[in-house]
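Asker: Could you work out the structure for the sequence below:
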Amino acid sequence: MPDYRITVRQDTAGWTIVALMLIIGVVAYVALRGSAQASAGGASRTANLKVVPTMRYVTVSPAETKFTRCKFGPPRSPFRSTSTALGYPNGRCWIGKLGSAWPVKIKRDPQSEVLVWGYDAVPADGGTQWRLCNRGADPAVTCKRANNLPGRDQFFVENFWAGGQHPTGLTDAQLCAATLTSSGGCVLTMGQSQSEGIKVIGPSGPDDNSTLWRIKIAWIAVPLP
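Answerer: Numbers count the residues shown, from 1 in each chain. Sure thing, here's the model as predicted:
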């Protein structure tokens, strides 16, 4: 079975980026055995063979780790977004800027592909979390509000890059990070990197009054298929 090593690249009050490294240590076992019906003069021996370990890694280097450029929420709402704080209902905030700024750099090793997943948002006071919801034909968790917007205690996260974005959003299950090639695949050539931004859409309303939330996103390197 493979072992997983978690490397925390950067951790701020607003956002946590995690890079997971998949370590696969392989030991080949070669058995040389005689037949069960071997003669009394026969003998058997066991030989052990070691091979080099293989390591899969992805490096995540964020130039920004706080959501800003926040917008929306009804104009008359007392909880409308400010430039640095998410408002209700369904305010939006960004790390980076769609079409022009992608501050999160991702680089993988030459023998792996990269998967990405999200986690539920955790309030600073440890109260009721926001659950990640998704869009598309078969979402892992359906966004409850009309127009595929997050309902109460839900939120939506998507990553974007120079060539497009993930309109269905991240889930809490591993997905191909299609940002990594122009054709929409996971695989990068040796030494290649990709820059991304992150967009969040908040809930229609929270059941927790905390003004600080932690959102974690993981990029995971796995062996090529």
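Asker: looking at it, Gln165 is touching Leu98, isn't it?
Answerer: Yes - if you go by Cβ atoms under 8 Å, Gln165 and Leu98 touch, sitting 7.2 Å apart. C-beta coordinates here come from the backbone N, C-alpha and C atoms, glycine included.
Asker: out of these two, which sits in the busier spot?
Answerer: Gln165 (17 against 14; other Cβ atoms under 10 Å).
Asker: Next, work out how far apart the closest residue in space to that one that isn't next to it in sequence and Arg92 are.
Answerer: Once flanking residues are discounted, Gln165 sits nearest to Glu158: 5.7 Å by Cβ to Cβ, 6 or more residues apart in numbering. Glu158 is 11 Å from Arg92, where distance means Cβ to Cβ, to the nearest Å.
Asker: picking that back up, what do Gln165 and Leu98 both touch?
Answerer: Counting by Cβ atoms under 8 Å, 6 or more residues apart in numbering, the common neighbours of Gln165 and Leu98 are Lys199.
Asker: Select the helix or strand of this structure having the lowest average pLDDT value.
Answerer: When each helix and strand of the chain is scored by mean pLDDT, DSSP states H and E, strand 27-32 comes last, with a mean of 35.
Asker: ok, then the element right after that strand?
Answerer: Downstream of strand 27-32, the first helix or strand assigned by DSSP states H and E is strand 45-50.
Asker: what are the pairing partners of that next one, and which direction each?
Answerer: In the sheet, strand 45-50 lines up against strand 27-32 (antiparallel) (DSSP bridges).
Asker: you'd agree Asn147 is in a helix?
Answerer: Yes - counting by DSSP: H, G, I helix; E, B strand; the rest coil, Asn147 is part of a helix.
Asker: Tell me, what's the model's pLDDT at it?
Answerer: Looking at Asn147, its pLDDT is 91.
Asker: same deal with Gly87?
Answerer: pLDDT at Gly87 comes out at 93.
Asker: Tell me how far the strand or helix carrying Arg214 lies from the chain's centre.
Answerer: Assigned by DSSP H and E, Arg214 belongs to strand 213-223. From the chain centre to the centre of strand 213-223 is a distance of 3 Å (Cα atoms, centre = their mean, to the nearest Å).
Asker: tell me which residues of it are tucked away?
Answerer: For strand 213-223, a neighbour-count test (16 or more other Cβ atoms under 10 Å) marks 213-222 as buried.
Asker: Now flag whichever of the residues you listed is closest to Lys105.
Answerer: Trp219 (10.8 Å; Cβ to Cβ).
Asker: Correct me if wrong: the closest one contacts Val58.
Answerer: Yes - between Trp219 and Val58 there is a contact under Cβ under 8 Å: 4.9 Å.
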